[in-house]
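> Quick one: sequence and predicted model below, then my questions.
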Amino acid sequence: FDPALQVFGGDQVALEVPQDTLRAGTDYHLTLITSQGSSLPVTSSLTFTTGRSELVATIEGGDRSVWRDDAGVLIDASASYDPDGDPVEFEWVCFSGEERSTFSPCR
């Protein structure tokens with residue numbers, strides 16, 4: 001989105017900004033200038049901030065699975081994403097049984 005976007009002339013009563021052109025977490029300032037013939041222009045301004053979308057965290061197979069103790073395990077979160085298109089960082093934390101007070105490698 002061009003921060004100095006200017007639309008001149010015509011009879012446009014609305015300004016449409018295409019989807020995915022505004023950056024999330026950014027303040028934007030718009031000014032409407034109206035005029036009629038030779039009269040002085042009248043302005044109205046609007047300031048708005050675009051918000052960030054919630055991250056989508058997805059683990060393939062749901063939130064509960066059973067594996068044999070002699071089998072390897074692959075947990076896939078590749079379907080997770082940021083709707084705003086920013087990079088996503090992953091951190092895996094594991095605990096075993098009901099002991100949730102300490103995080104350590106699962107055994």
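Structure received. Everything numeric here is computed off the predicted structure, so don't read it as measured data. Residues are numbered from 1 along each chain as shown.

> right, and Tyr81 touches Pro87 too?
No: at 10.0 Å, Tyr81 does not count as touching Pro87 under the criterion of Cβ atoms under 8 Å. For glycine as for every other residue, the C-beta is placed from the backbone atoms N, C-alpha and C.

> These two: who's more crowded?
Taking other Cβ atoms under 10 Å, Tyr81 and Pro87 do not tie; Tyr81 has more neighbours (15 against 5).

> Tell me where the model's unsure across the chain.
1-12, 96-107 (pLDDT under 70).

> Relative to the centre of it, find the outermost residue for me.
Computed with Cα atoms, centre = their mean, the residue of the chain farthest from its C-alpha average is Ser38, at 44.9 Å.

> what about that one, which helix or strand?
Assigned by DSSP states H and E, Ser38 belongs to neither a helix nor a strand.

> so how far is Thr50 from it?
Distance of Ser38 to Thr50, given as Cβ to Cβ, to the nearest Å: 38 Å.

> and what of Ser65?
Counting by Cβ to Cβ - Ser65 and Thr50 are separated by 38 Å.
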